[in-house]
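Student: Provide a 3D model corresponding to the input given below.
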Amino acid sequence: MSCTSSSVRAGFTIIELLTVLFIIVVMLAIAIPVVQRMRESARDVQCKGNIQQTCLGLLGYEAAFKCFPSGTTGLADVVDFDQADARSFLSPESPIFWKKAQFASYWIQILPYIEQGSLFETLPSAMSDPNRLYVDSYSNGAPYSWVGDDPAVRAAMSTSFPQLFCPSDTMLNGFGKTELAEIARQPCFDSLAATDGYLGATFERKSTVFGTNYVGCAGVHSGGDVADGRISLFQGTLGSRSRVRIKNIRDGQSNTLLLGEYLGAFENGKRIGGPIWCFGTIARGRGHLPWGSGQANESGYLFGDPVDSSLAGFGSAHSNYINVGLADGSVRNVSKSINLLTWYALCGIEDGKIVHW
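Tutor: This is a model prediction of the structure:
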């Protein structure tokens, strides 16, 4: 009897290899978006946690001083840009020359209440005094001095901590040398055009400085959906040199913003800068072109303002919403599709509009 041996086939055919590769590609196509959503969800949770801690710091300040801190210790009044001196914001001869005020942010004032007391102790007392203008109290009448020239303040500009940033955005990398870093942000409005914005001052620096994704709500542009002389009704909780008490929030703490997310100023789709976290970190509910207006690309608007706007207010790196902190200490997200007048009602402390959302 004779035996025959059969050869054993080794390896895979091309069809089998292609089949396996196809299955791997399909699995990756399913898994990658899921992983990305999970990561974004984790970043969103962290963002909300940052806002929650900041709200608690603001409420801690309020408990100690019986009022919320100023959003910025700038000038007390909204400046009418039609006035000649408004254009002299950068001029030492102007009555509203920016160096006459500290323009310190609410962040500086709440440092001891967010476990950053050691950083607060390094700063001069002139930085956080909300009661008098800097030039009157500390500079011996010299309008050319500025609290930011203090070496400790310069060091603080280049210092950051995680609570300042939304992890979904790249703001945590700081402003580079080519980006504008604001050191003063003063609300202003044009009574003829019924629009408003900010007078700002920037400075040149040799090192990276840091902004923040969380800015205080200074109210509503010009008082609502149209220019309105009752602008005080649309004041925000964290305005310029304001001292808002809880009793002043007549719309209810759960209906009023303390702060919200912010992306900075953009040009041609690229961030060109924003305020340093130490100075002038305020924004206002503003604009007249909400998402869905049909006037422009809907995705190009941040709560009424074009993305490519140096005056852009609240906005976020999240796809369809921003996270906000309310005056009762709670944190919620505001949808991209919110009615603009509802948004205004959330930004004002006593406009008389109770929001159901």
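Student: Just to check, residue 213 is in contact with residue 262?
Tutor: Yes - with contacts defined as CB atoms under 8 Å, residue 213 counts as touching residue 262 at a distance of 5.7 Å. Yep, even glycine has a C-beta here, placed from its N, CA and C like the rest.
Student: if I look at these two, which residues touch both of them?
Tutor: Taking CB atoms under 8 Å, 6 or more residues apart in numbering as the contact rule, residue 213 and residue 262 both touch residue 316.
Student: separation between residue 33 and residue 275?
Tutor: The gap separating residue 33 from residue 275 is 35 Å, by CB to CB, to the nearest Å.
Student: Looking at those two, which is more packed in?
Tutor: residue 275 (29 against 10; other CB atoms under 10 Å).
Student: all helices for the stretch 251-357 of the chain, in order.
Tutor: 340-347 (DSSP state H, counting those that start in this stretch).
Student: Low-confidence regions, it specifically.
Tutor: Applying pLDDT under 70 to the stretch 251-357 of the chain picks out residues 286-312, 354-357.
Student: Dump the strand ranked longest in the chain to CSV, restricted to CA.
Tutor: In the chain, with assignment by DSSP state E, the single longest strand is strand 180-190. Extracted in CSV, the C-alpha atoms of strand 180-190 (Å, rounded to 0.1, in the frame of the first residue of the first chain):
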residue,chain,number,x,y,z
LEU,A,180,-3.2,91.1,21.0
ALA,A,181,-3.3,91.0,24.8
GLU,A,182,-5.8,93.5,26.3
ILE,A,183,-5.1,95.2,29.6
ALA,A,184,-8.2,97.4,29.6
ARG,A,185,-11.7,96.8,28.5
GLN,A,186,-14.2,99.7,28.9
PRO,A,187,-17.8,99.3,27.8
CYS,A,188,-18.9,101.9,25.3
PHE,A,189,-21.8,102.5,22.9
ASP,A,190,-22.6,104.5,19.8
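Student: Does anything pack onto it? Which helices or strands?
Tutor: Other elements packing on strand 180-190 under the criterion 3 or more CB pairs under 8 Å, 6 or more residues apart in numbering; DSSP states H and E are strand 79-80, strand 195-202, strand 270-275, strand 282-285.
Student: Residue 183 versus the closest residue to residue 154 other than its chain neighbours, what's the distance?
Tutor: Closest residue in space to residue 154, ignoring its immediate chain neighbours: residue 148 at 6.9 Å, by CB to CB, 6 or more residues apart in numbering. For residue 148, the distance to residue 183 equals 6 Å [CB to CB].
Student: Give me the common contacts of those two.
Tutor: 203, 279.
Student: Helices of the stretch 51-200 of the chain, start to end?
Tutor: Using DSSP H, counting those that start in this stretch, helices in the stretch 51-200 of the chain cover 106-110, 117-121, 134-137, 151-157.
Student: returning to that earlier point: let me have the helices and strands packed on strand 180-190 in JSON lines, extended by distance to residue 329.
Tutor: Formatted as JSON lines, those follow (distance: least, CB to CB, whole Å):
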{"stretch": "strand 79-80", "distance to residue 329": "32"}
{"stretch": "strand 195-202", "distance to residue 329": "28"}
{"stretch": "strand 270-275", "distance to residue 329": "24"}
{"stretch": "strand 282-285", "distance to residue 329": "20"}
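Student: Looking at those strands, which one is packed in the most?
Tutor: strand 282-285 (a mean of 30; mean count of other CB atoms under 10 Å).
Student: Can you mark which positions in the longest strand of the chain are buried?
Tutor: 180-189 (16 or more other CB atoms under 10 Å).
Student: for the protein, what are the low-confidence residue spans?
Tutor: In the chain, residues with pLDDT under 70: 1-11, 34-36, 81-87, 135-144, 189-197, 221-234, 286-312, 354-357.
Student: Now do the strands in it.
Tutor: Going by DSSP E, the chain shows strands at 79-80, 180-190, 195-202, 214-220, 257-261, 265-267, 270-275, 282-285, 301-302, 305-306, 321-326, 331-335.
Student: in this structure, which residue is closest to the centre?
Tutor: residue 262 (3.0 Å; CA atoms, centre = their mean).
Student: who's in contact with it?
Tutor: Neighbours of residue 262 in contact, by CB under 8 Å, 6+ apart: 212-215, 274, 281, 283, 313-316.
Student: Could you rerun that using 6 Å?
Tutor: Counting by CB atoms under 6 Å, 6 or more residues apart in numbering, residue 262 touches 213, 215, 283.
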